[in-house]
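Below is the structure, and that's it, no one-letter string:
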Ligand SMILES: Nc1ncnc2c1ncn2[C@@H]1O[C@H](COP(=O)(O)OP(=O)(O)OP(=O)(O)O)[C@@H](O)[C@H]1O
């Protein structure tokens, strides 16, 4: 179709089959937008798709290619381990260094690809973005669950921005705004989208929150029972969910 991005422009192409729990995943999609949301009910396989892209799950069958680099091709016996992929991911559960401050976690918690000094300025910027400055000297044990999650996502954002590779890494965020109050989430979504757009860091995030998907105004991939139902602009793909939600709110 004229004017539409083609698969060859895609940031990432994913084709995979994998059985996890009671779900038989069978998906094929390409990412072309700066921010794409994987949307679906709990247990539909969203996290497993993210983990396969990151290299933490080895699909039974499939091929994942990022910007021309093959990350896995089961038919060809190729598999790039997680630590060598141009991908940075924040899981649903926040894993922080428990004996180090928030600032330390952001600056130094980025693994061998980043020299600590390089991350310093970026970490300070990201702390402001995530409203973490006043928590910078706290230990993880002295944070709420929502705050810990915010630190974990912020650390991954720092890590993506300071990534030392020839290409920009893909940022994978699994329910990044869960546990935040609505006002803070609004602020963060707007600020983060703008900041990542500025640095051209593409994002694939997971949510089952309709409000979040609309707020991100992103391209949406709708997943159900391990299959892709539809991919496209949020207003089109989630129109029915939105209609049902509005109906329910009106009835209350
Ligand atoms: N390691 C595992 N062993 C067995 N079953 C698993 C494992 N990981 C996930 N599952 C199951 O596989 C299915 C898909 O899980 P997945 O975490 O990918 O779903 P999800 O869409 O991300 O769910 P949620 O929104 O609740 O996080 C679920 O039924 C889950 O219980």
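Now that the structure is in, tell me what you want to look at. Computed from a predicted model, the values in this text were never measured in an experiment.

Please give me every residue in contact with the residue in the stretch 101-250 of the chain that the ligand sits nearest to.
Residue nearest to the ligand within the stretch 101-250 of the chain: residue 208 (5.4 Å; C-beta to the nearest ligand atom). (Glycine included, C-beta is placed from N, CA and C.) By C-beta atoms under 8 Å, 6 or more residues apart in numbering, residue 208 lies in contact with 39-42, 46, 175.

6 Å instead, please
residue 41 (C-beta atoms under 6 Å, 6 or more residues apart in numbering).

Residue 248: neighbouring residues, count only.
By the criterion of other C-beta atoms under 10 Å, residue 248 has 9 neighbours.

same question but for residue 232, I mixed them up
Residue 232 has 12 nearby residues by other C-beta under 10 Å.

And for the one 10 residues further on?
When counting by other C-beta under 10 Å, one arrives at 15 neighbours for residue 242.

ditto for residue 107
Applying other C-beta under 10 Å, I find that residue 107 has 26 neighbouring residues.

so it sits in a helix?
Yes: with DSSP: H, G, I helix; E, B strand; the rest coil as the criterion, residue 107 is part of a helix.

That one and residue 139: what is the separation?
15 Å (C-beta to C-beta, to the nearest Å).

just residue 64 next, same as before
For residue 64 relative to residue 139 (C-beta to C-beta), the value is 37 Å.

out of those two, which sits in the busier spot?
Under the neighbour definition other C-beta under 10 Å, residue 64 and residue 139 were set side by side, and residue 64 has more, 26 against 16.

Please spell out which residues along the strand or helix carrying residue 191 are buried.
Following DSSP states H and E, one finds residue 191 within helix 182-198. If you call a residue buried by 16 or more other C-beta atoms under 10 Å, then helix 182-198 has these buried ones: 185, 188-189, 192-193, 195-196.

What ranges does this protein have for its strands?
Under the criterion DSSP state E, the chain contains strands at 12-20, 23-31, 35-39, 61-66, 69-73, 78-79, 87-90, 170-174, 203-207, 219-224, 227-233.

Please report the number of neighbouring residues for the residue in the stretch 51-200 of the chain that the ligand sits nearest to.
At 6.1 Å from the ligand, residue 92 is the closest residue in the stretch 51-200 of the chain, using C-beta to the nearest ligand atom. Neighbour count for residue 92, taken as other C-beta under 10 Å: 15.

Chain neighbours aside, what residue packs nearest to it?
residue 174 (4.6 Å; C-beta to C-beta, 6 or more residues apart in numbering).

Enumerate the residues of the protein near the ligand.
Applying C-beta under 6 Å from any ligand atom, one finds that the chain approaches the ligand through 20-23, 40, 42-48, 208.
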